[in-house]
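A.B. asks: kindly generate the corresponding structure for this input.
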Amino acid sequence: MPVIDITDLSDPRLADFAHLTDVALKKARGTEHGLYIAESALVLERALRAGHRPRSVLALGNTVDEAVRLVGDVVPVFSGPGELLAELTGYVLHRGLIASMHRPPLPTVESLLADAQRVVILENIVDPTNVGAIFRSVAAIGADAVLVTPRCSDPFYRRAIRVSMGTVLQVPWTRVGDWADTKRILAGYGFHIAALALTDAAVPLRQFAAVAPARVALVLGAEGDGLTEEAIAAADSVVQIPMRHGIDSLNVAAASAVAMYALAL
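C.D. replies: Numbering: from 1, shown residues only. I've put the predicted structure just below:
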């Protein structure tokens, strides 16, 4: 399929890129599970390596060859001057290209836990920047999967993917239900639930890490509100990172990196 020069922004084939919100992309018509946007050649390459299917690519002139190299002639590659593409999308394509990608079906919780030893659970973390940063730490430091609660921000949102450098497309993840069901499934696979929270019963992270069970599910909560009562009640242990100078906590993304490093196998 040849590269298509954009001359008319009303071309219906450009609809995926036309000021659509993450929520609108998730509900895109004509798709089985919705769409997400991959920004930059690096993220697109990671998405393709993960087996995700592109629908189309939008590229500045100097990145067209890279886009064609990645997707070949399977899907259309649209191109045009930066000002025109910014008018279409609502933002400047600093990373040269964006791709409209089909969302893959989410795996089952059971399939992710079967061979895992370390998993991370994100409870109600609504900031996609934090979600993306946690996924990047998961990929770099080491956890086998991420589970997200129903009110947690979608890891496939554009900002989460960008901040994670595309690692949300590599790290296996899925959504879980309520805590009663989640605890039952985790217990069935031999996981010890460790909630990162400030409570009177919390033990220091190093103390917990020194005797950590073979399988640990680390639970992280939203900044400000922290973990819910249900999450803490479901935990087998409550763990805290000791602080100095009167500081009570770290940003949740930073705390996740510290905790995962301490628990790394």
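
A.B. asks: please count neighbours and contacts with C-alpha atoms only from this point.
C.D. replies: OK.

A.B. asks: mind checking the SS state of Ala212?
C.D. replies: Reduced to three states with DSSP: H, G, I helix; E, B strand; the rest coil, the structure at Ala212 is coil.

A.B. asks: who's in contact with it?
C.D. replies: By Cα atoms under 8 Å, 6 or more residues apart in numbering, Ala212 lies in contact with Leu263.

A.B. asks: how much space between it and Leu218?
C.D. replies: Using Cα to Cα, to the nearest Å, we find Ala212 at a distance of 11 Å from Leu218.

A.B. asks: got a list of contacts for whichever strand or helix holds Ser111?
C.D. replies: Secondary structure assigned from DSSP states H and E places Ser111 in helix 109-113. Contacts of helix 109-113 with the rest of the structure, by Cα under 8 Å, 6+ apart, involve Val119, Asp144, Ala145, Leu147, Pro172, Trp173, Thr174, Arg175, Val176, Ile185, Leu186, Tyr189.

A.B. asks: just give me how far the next helix-or-strand element following that helix sits from the chain centre.
C.D. replies: Beyond helix 109-113 in the direction of the C-terminus, DSSP H and E gives the next helix or strand as strand 118-123. When C-alpha coordinates are averaged (Cα atoms, centre = their mean, to the nearest Å), strand 118-123 and its chain have centres 12 Å apart.

A.B. asks: what's the burial count for the residue lying closest to Gly221 once chain neighbours are set aside?
C.D. replies: Taking Cα to Cα, 6 or more residues apart in numbering, and ignoring the residues beside it in sequence, Gly221 has Leu227 as its nearest neighbour in space, at 4.5 Å. Close neighbours of Leu227, defined as other Cα atoms under 10 Å, add up to 21.

A.B. asks: quick one, what contacts Leu227?
C.D. replies: Taking Cα under 8 Å, 6+ apart as the definition of contact, the neighbours of Leu227 are Glu123, Ala195, Ala197, Leu220, Gly221.

A.B. asks: contact partners of the worst-scoring helix or strand of the chain on mean pLDDT?
C.D. replies: When the helices and strands of the chain are compared on mean pLDDT, DSSP states H and E, helix 82-89 comes out lowest with a mean of 89. With Cα under 8 Å, 6+ apart as the test, helix 82-89 has contacts from Leu9, Phe17, Ala18, His19, Leu20, Leu60, Val92, Leu93.

A.B. asks: how about the CA coordinates for it, as CSV?
C.D. replies: This file holds the C-alpha atoms of helix 82-89, laid out as CSV (Å, rounded to 0.1, in the frame of the first residue of the first chain):
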residue,chain,number,x,y,z
GLY,A,82,3.7,19.1,10.7
GLU,A,83,1.3,22.0,10.9
LEU,A,84,-1.4,20.0,9.1
LEU,A,85,-0.9,16.9,11.2
ALA,A,86,-1.1,19.0,14.4
GLU,A,87,-4.4,20.5,13.1
LEU,A,88,-5.7,17.0,12.6
THR,A,89,-4.6,15.5,15.9
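
A.B. asks: mind listing what's buried in it?
C.D. replies: Within helix 82-89, the residues that qualify as buried are Gly82, Leu84, Leu85, Ala86, Leu88, Thr89, counting by 16 or more other Cα atoms under 10 Å.

A.B. asks: what mean pLDDT does whichever helix or strand comes after that helix have?
C.D. replies: The first helix or strand that comes after helix 82-89 along the chain, using DSSP H and E, is strand 97-102. Strand 97-102 shows a mean pLDDT of 95 in the predicted model.

A.B. asks: could you do stretch 226-238 as well?
C.D. replies: Averaged across stretch 226-238, pLDDT comes to 95.

A.B. asks: return the set of buried residues in that stretch.
C.D. replies: Along stretch 226-238, the positions that meet the burial threshold by neighbour count (16+ other Cα under 10 Å) are Gly226, Leu227, Ala231, Ile232, Ala234, Ala235, Ser237, Val238.

A.B. asks: which of those fall within strands?
C.D. replies: Members of the buried residues of stretch 226-238 lying in strands (criterion: DSSP state E): Ser237, Val238.

A.B. asks: one step back: just the buried members of the contacts of Leu227?
C.D. replies: Judged by neighbour count, with 16+ other Cα under 10 Å as the criterion, the buried members of these are Glu123, Ala195, Ala197, Leu220, Gly221.
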